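below are the sequence and a predicted model; questions follow.
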Amino acid sequence: MTVEADAFVRWMIAEDVLQFGDFELKSGRRSPYFFNLGAIDNGAAYHRLGVAYAALASALPEAPQVLFGPAYKGIPIAVAASVALAREQGVNVGVAFNRKEAKAHGEGGRLVGSAMAGQRVVVVDDTITDGAAKIEACELISAAGGSVTGVLIAMDRREHVAGGGTAVEHLEARLRVPVRSIARLEDVVRILAADPAEAGRLETVLAYRDRYCAVE
């Protein structure tokens with residue numbers, strides 16, 4: 001998927017989703033780059049994003065019947081990917097998501113959207129820091145009777161976590177399902193390395209990678 005990943009990384013930079021500077025992550029680390037799909041804010045961009053996730057979903061060993069987007073960033077991703085699957089591949093899947101807090105009036109509860117009982121459910125989100133949000137989502141899906149068959153993210157930062165290995169590797173081992181990404185840190189490194197004007201950014205990203213990340 002090198003060609004697709006390269007195009008995706010370049011597009012993420014153009015959309016200001018992939019930013020370079022000095023950022024504090026949820027983990028407390030200082031990072032020279034930050035990936036924020038929350039910067040996507042228009043229909044054309046969501047269409048392209050949905051197509052990328054749809055391609056990833058269609059490559060899973062088991063085709064999803066429902067896409068689940070953890071609140072909040074995962075919600076529009078799930079919607080965009082489901083629309084892309086329907087329009088680009090003629091595959092109609094359900095969409096579900098959770099509320100941060102249970103609703104006490106109206107229909108109530110924490111879950112919104114397609115019923116998941118007896119369904120193959122794939123979780124879609126932007127990235128993985130420690131996997132806690134994805135594990136919570138999987139617990140909600142299981143409690144609703146669904147079966148989690150995969151997790152899809154846009155960017156795998158390839159960062160080490162306590163106990164060794166990366167966050168994605170730990171989540172995959174814990175859930176025992178495929179955890180796939182559209183792009184990885186090495187794709188970002190390759191794009192920066194191909195442009196002499198990006199030498200400064202490349203140096204800081206490589207220093208961070210060598211200290212905190214799995215090197216491929």
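Now that the structure is in, tell me what you want to look at. Numbering: from 1, shown residues only.

so who does M155 touch?
Neighbouring residues of M155 by C-beta atoms under 8 Å, 6 or more residues apart in numbering: 12, 18, 35, 126-127, 181-185. In this view, the C-beta of every residue, glycine as well, is placed from N, C-alpha and C.

mind listing what L140 touches?
For L140, counting by C-beta under 8 Å, 6+ apart, the contacting residues are 98, 110-111.

which one of the residues you listed has the most neighbours?
N98 (24 neighbours; other C-beta atoms under 10 Å).

Three-state assignment for the residue nearest the centre of the chain, please.
By C-alpha atoms, centre = their mean, the chain has its centre lying nearest to I153, at 2.0 Å. Secondary structure, DSSP: H, G, I helix; E, B strand; the rest coil: I153 is strand.

just checking, it touches I128?
Yes - if you go by C-beta atoms under 8 Å, I153 and I128 touch, sitting 5.8 Å apart.

shared neighbours of those two, which are they?
Shared contacts of I153 and I128, defined by C-beta under 8 Å, 6+ apart, are found at 168, 179.

okay, T127: pLDDT?
For T127, the pLDDT comes out at 91.

need the contact list for it.
Applying C-beta under 8 Å, 6+ apart, the residues near T127 are 35, 37, 153-157.

can we see that at 10 Å?
Listed by C-beta atoms under 10 Å, 6 or more residues apart in numbering, the contact partners of T127 are 35-37, 73, 153-157, 159, 167-168, 181.

how about the strands of this protein, start to end?
Using DSSP state E, the strands of the chain run over 18-24, 30-35, 66-69, 94-103, 109-113, 120-124, 147-156, 179-184.

as JSON lines, the ones you listed with distance to V51 and mean pLDDT would be great.
As requested, the strands of the chain are exported to JSON lines (distance: least, C-beta to C-beta, whole Å; pLDDT from 0 to 100):
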{"stretch": "strand 18-24", "distance to V51": "18", "mean pLDDT": "96"}
{"stretch": "strand 30-35", "distance to V51": "19", "mean pLDDT": "96"}
{"stretch": "strand 66-69", "distance to V51": "14", "mean pLDDT": "98"}
{"stretch": "strand 94-103", "distance to V51": "16", "mean pLDDT": "84"}
{"stretch": "strand 109-113", "distance to V51": "21", "mean pLDDT": "89"}
{"stretch": "strand 120-124", "distance to V51": "13", "mean pLDDT": "98"}
{"stretch": "strand 147-156", "distance to V51": "12", "mean pLDDT": "97"}
{"stretch": "strand 179-184", "distance to V51": "10", "mean pLDDT": "96"}
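
before I go, just wanted to say thanks for your time.
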